[in-house]
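K.L.:
just coords:
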Ligand code: B12
Ligand code: SF4
Ligand code: SF4
């Protein structure tokens, strides 16, 4: 994965509470290792490799190709965070590394802030030795003003859910041009990890993927565009985030 911007985000030994799926041969996974990216490295590597951006979901296809190659090399079984049934990757991420929930639901990392995601989980039949989990406090605990919560012009962050319809309706409107062109204002309002903020073009690309996905869910009649209501398999096509 060298030169791709992908890196190991930590690992853990699952228990029954972690809802880790069984391996293809039915055995339980004894070790889970998460891979993801942070900051702009992955975007720069991807665009250098794909100057034409041809085809559907070019970022997902590029990332998935690298993950599949790596999984083959280390003998792990791959689970993708954005393919249904959605794995509880945010729970796994908290088990694996120093990330915490934030008021806008994205996980916050003390160094990367909100500028990091998870691309794949490698499941292993063996109990592999893992370094001790890094334990660090949440930056949100000492962030008094919580600017992330005040930045969304569409009031998409409800106390218990993300209102994807309100978000996308705003982003598609003329008033939402800033979100559309540069990425989510709420994510950008957080003072933590600003040095790791995605390049502007990456923000626009990811936002475009979110808008297309949620618009499709709305067109398919999914209540509140809540994907949790949906079952089945296949790509969530939210990826590209
Ligand atoms: C579906 C999905 C979306 C949908 C959400 C639709 C909706 N109505 O909520 C859409 C397409 C809108 C979306 C958007 C984004 N997403 Co998204 N998304 C997912 C995905 C694939 C599944 C989540 C899910 O529905 N699980 C199933 C349900 C049943 O489980 P759930 O626990 O109930 O999940 C929901 C709750 O956590 C709920 N929720 C629970 N409590 C609370 C409390 C508050 C205050 C809020 C706001 C929400 C909330 O929000 C979840 C839905 O997003 C996850 C990956 C994963 N496997 O978890 C990524 C994931 C959560 N998304 C991610 C990202 C980065 C984004 C975007 C920033 C992408 C972008 N392009 O800008 C935006 C920001 C949205 C936001 N501010 O929350 C990352 C987060 C990484 C991190 N640092 O934490 C994840 C983990 C994917 C990844 N590859 O790492 N996403
Ligand atoms: S703005 Fe403050 S409360 Fe919001 S995510 Fe960043 S550190 Fe946490
Ligand atoms: S993209 Fe814009 S409208 Fe959507 S949640 Fe972020 S700030 Fe709100």
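P.N.:
Received it, and whenever you're ready, just let me know what you need. Since the structure is predicted, the reported quantities are computational estimates derived from the model, not experimental observations. Numbers count the residues shown, from 1 in each chain. Ligands and ions are numbered 1, 2, ... in the order given.

K.L.:
any idea which element the spatially closest residue to residue 53 that is not a sequence neighbour lies in?
P.N.:
Nearest residue to residue 53 in three dimensions, chain neighbours excluded: residue 47, at 7.9 Å (C-beta to C-beta, 6 or more residues apart in numbering). Bear in mind the C-beta positions are built from the backbone N, C-alpha and C, glycine included. Take DSSP states H and E as the rule and residue 47 turns out to sit in helix 41-49.

K.L.:
chain center to that helix, what's the gap?
P.N.:
Mean-position distance between helix 41-49 and its chain equals 17 Å (C-alpha atoms, centre = their mean, to the nearest Å).

K.L.:
just stretch 152-171 next, same as before
P.N.:
18 Å.

K.L.:
Now the terminal residues of it, how far apart.
P.N.:
From its first residue to its last, stretch 152-171 covers 11 Å (C-alpha to C-alpha, to the nearest Å).

K.L.:
And stretch 181-200, by the same measure?
P.N.:
End-to-end distance for stretch 181-200: 7 Å, by C-alpha to C-alpha.

K.L.:
hmm, it touching ligand 2?
P.N.:
Yes - Stretch 181-200 comes into contact with ligand 2 (C-beta under 6 Å from any ligand atom), by way of 190, 192.

K.L.:
Secondary structure element for the residue nearest the centre of the chain, which one?
P.N.:
Compute the mean C-alpha point of the chain, and by C-alpha atoms, centre = their mean the closest residue is residue 117, 3.7 Å away. Assessed by DSSP H and E, residue 117 sits inside strand 116-124.
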